[in-house]
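Colleague: after the sequence you'll find the predicted model.
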Amino acid sequence: MPAFLTADRKIRTLLSLVAVFALVLGLCPIVVAGEDEEEEQAANLGQALKKGTFSLNLRYRYETVDDNAFEKDAHASTLRTAFGYRTLPWHGVSAFIEAENVTVVGNDLYNNKGAGRHWNGVDDRPVVADPAITEINRAYLNLAVIPDTELRAGRDEILLDNQRFVGNVGWRQNHQSFDAVALTNESIPHTTLTYIYMGNVNRIFGDNKQMGSHFVNAKISGCPYADFTLYYYMLDYSDEADWGASTGTFGGRLDGTWAADENWKIIYDLEYATQGDAADNPNDIDADYLRLEGGFGYGKKFTFTLGHEVLGGSPEDGSFSTPLATLHKWNGWADRFLATPEYGLEDTWAAAGGTFGDFTVKGIYHWFSSDTEDFDYGTEFDALVSWKSPWKQVFALKAALFDGGDFDNDVNKVFLYTQWGF
């Protein structure tokens with residue numbers, strides 16, 4: 001796709017995104033100021049600590065992987081435990097800390113892909129990226145001393161928009177977190193402005209990547225028919241070995257629903273971004289991103305969508321990359337496209353799902369191909385069935401069946417898991 005927008009057309013497209021942002025904001029209804037519900041404040045530091053709240057999250061998962069590239073299958077049985085504590089705000093200042101532990105239950109018959117001492121030494125079975133680890137997953141101070149403004153500093157799981165560019169990789173047992181300073185402001189009606197300076201990424205493998213990156217995100221929400229997000233993300237990695245991942249990305253996203261009547265609704269999601277090399281990146285990158293999705297839903301019972309996503313790529317212009325994303329959400333649950341191929345990636349899919357009482361079901365079928373040239377990257381079918389118990393515990397069965405055709409190995413994954421927390 002690098003060729004489908006010339007430089008002049010890119011400039012016009014980016015200016016159009018800014019114009020759409022202003023238009024959507026202008027069409028939003030006028031907000032009448034009201035009394036916001038204020039969070040309880042502690043009278044003193046002792047009360048802030050004493051009246052704080054604890055949190056606990058437990059997730060057990062059994063994951064098996066059948067990959068034609070290996071004679072042996074992977075079998076990963078792991079338990080994630082996250083225990084946290086949040087103080088009550090005192091003069092608008094609060095603190096949160098969360099410890100995370102991932103334990104192997106039984107034998108680790110899988111390549112956990114852990115970094116350094118976290119690797120389990122298994123190299124004759126497929127990868128399941130869940131190393132055994134104990135760490136401080138989150139620890140930050142939160143300041144809300146100025147109206148409509150919040151400052152958060154420390155280690156946190158950061159989820160921007162739909163996590164296509166920045167997320168916590170929440171599917172994996174060791175979540176991704178960031179050492180960062182985040183500033184948000186909601187002074188403009190319907191609008192949330194976010195700036196983040198990121199100094200370090202604590203990755204799911206137990207290692208970290210240092211950086212001096214900047215993220216700017218402006219989102220309009222609560223308007224009729226659609227939300228609109230305008231963003232610029234500049235990744236600046238510190239280590240020379242990572243410079244090739246330093247990029248600047250500018251884009252916009254329009255997503256929402258339109259109620260046809262009291263039951264039926266139209267669903268749409270449109271996004272475009274352009275990416276170039278930044279900071280000390282020695283490579284020339286000029287790649288684009290496009291996402292189109294539309295469909296319909298019937299109340300909360302059923303949805304059906306068709307979608308098409310393009311991550312541009314070519315040997316001459318590089319590939320569009322999203323190294324900080326929650327990648328498992330995108331391009332199939334078999335995780336065959338965690339990095340964009342040299343010739344880019346086109347993913348076309350059909351998805352259907354619904355909620356029936358306490359049960360949720362979902363199915364997705366993907367067709368994969370290259371952006372430039374004409375490579376067939378295969379197909380994949382994903383399915384999920386989950387049940388939420390009366391005591392709020394979730395039990396789920398999930399599967400990903402990838403057929404690589406002549407391009408890649410066939411890979412089948414099955415996940416059985418349960419999660420509970422408070």
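Modeller: Good, I have the coordinates. Residues are numbered from 1 along each chain as shown.

Colleague: can you show me the CA trace of stretch 384-395 as CSV?
Modeller: C-alpha atoms of stretch 384-395 as CSV (Å, rounded to 0.1, in the frame of the first residue of the first chain):
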residue,chain,number,x,y,z
LEU,A,384,-14.7,-18.7,21.4
VAL,A,385,-17.3,-20.0,23.9
SER,A,386,-17.5,-18.5,27.4
TRP,A,387,-19.7,-18.8,30.4
LYS,A,388,-20.0,-16.3,33.3
SER,A,389,-21.1,-18.0,36.6
PRO,A,390,-23.4,-16.4,39.2
TRP,A,391,-20.3,-15.8,41.3
LYS,A,392,-18.8,-13.8,38.4
GLN,A,393,-16.1,-16.4,37.5
VAL,A,394,-15.6,-16.8,33.7
PHE,A,395,-14.9,-20.2,32.1
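
Colleague: buried residues in that stretch?
Modeller: 384, 386, 388, 394 (16 or more other Cβ atoms under 10 Å). Quick note: C-beta positions are derived from backbone N, CA and C, even for glycine.

Colleague: could you do stretch 193-200 as well?
Modeller: 193, 194, 196, 198, 200.

Colleague: filter these down to the ones in strands?
Modeller: If you go by DSSP state E, these have 193, 194, 196, 198, 200 in strands.

Colleague: which pLDDT value belongs to the second one?
Modeller: Residue 194 carries a pLDDT value of 98.

Colleague: ok now do it, which residues does it touch?
Modeller: 160, 182, 183, 184, 215, 216, 217, 218, 219 (Cβ atoms under 8 Å, 6 or more residues apart in numbering).

Colleague: elements contacting the strand or helix carrying the fourth one?
Modeller: In other words, residue 184. Taking DSSP states H and E as the criterion, residue 184 maps to strand 177-185. Under the contact criterion of 3 or more Cβ pairs under 8 Å, 6 or more residues apart in numbering; DSSP states H and E, strand 177-185 touches strand 149-156, strand 191-202.

Colleague: how about JSON lines for those, with distance to residue 356 added?
Modeller: What follows is the helices and strands packed on strand 177-185, written out as JSON lines (distance: least, Cβ to Cβ, whole Å):
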{"stretch": "strand 149-156", "distance to residue 356": "36"}
{"stretch": "strand 191-202", "distance to residue 356": "34"}
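
Colleague: tell me which of these sits nearest to residue 16.
Modeller: Nearest to residue 16, of all the helices and strands packed on strand 177-185, is strand 191-202, at 19.0 Å by Cβ to Cβ.

Colleague: what's the angle between that closest one and strand 177-185?
Modeller: 160 degrees (axes from the mean of the first three to the mean of the last three Cα atoms, to 10 degrees).

Colleague: kindly export stretch 69-83 (C-alpha atoms) in CSV.
Modeller: Extracted in CSV, the C-alpha atoms of stretch 69-83 (Å, rounded to 0.1, in the frame of the first residue of the first chain):
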residue,chain,number,x,y,z
ALA,A,69,7.3,-27.2,12.1
PHE,A,70,7.7,-29.2,15.3
GLU,A,71,7.4,-33.0,16.0
LYS,A,72,6.2,-32.3,19.6
ASP,A,73,3.2,-30.1,20.6
ALA,A,74,3.4,-27.4,23.2
HIS,A,75,1.4,-27.8,26.5
ALA,A,76,1.4,-24.8,28.8
SER,A,77,-0.4,-24.9,32.1
THR,A,78,0.0,-21.6,33.9
LEU,A,79,-1.6,-19.5,36.7
ARG,A,80,-1.5,-15.7,36.8
THR,A,81,-2.0,-14.0,40.1
ALA,A,82,-2.2,-10.2,40.4
PHE,A,83,-2.6,-8.6,43.8
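
Colleague: list the buried ones in that stretch?
Modeller: Of all the residues in stretch 69-83, those buried under the rule 16+ other Cβ under 10 Å are 70, 74, 75, 76, 77, 78, 80, 81, 82, 83.

Colleague: which residue packs closest to residue 179, ignoring adjacent ones?
Modeller: With sequence-adjacent residues excluded and distances taken as Cβ to Cβ, 6 or more residues apart in numbering, residue 179 is closest to residue 200, at 3.9 Å.

Colleague: so where do the helices sit in this structure?
Modeller: Ranges of helices in the chain, per DSSP state H, are 7-27, 45-50.

Colleague: ranking the ones you listed by mean pLDDT, which is last?
Modeller: Comparing mean pLDDT across the helices of the chain, the weakest is helix 7-27, with a mean of 66.

Colleague: for the nearest residue to residue 47 once chain neighbours are set aside, give its distance to residue 40.
Modeller: In this structure, residue 47 finds its nearest non-sequential neighbour in residue 88, 6.8 Å apart by Cβ to Cβ, 6+ apart. Taking Cβ to Cβ, to the nearest Å as the measure, residue 88 falls 6 Å from residue 40.

Colleague: overlap of the contact sets of the two?
Modeller: Counting by Cβ under 8 Å, 6+ apart, the shared contacts of residue 88 and residue 40 are residue 51.

Colleague: all set, thanks.
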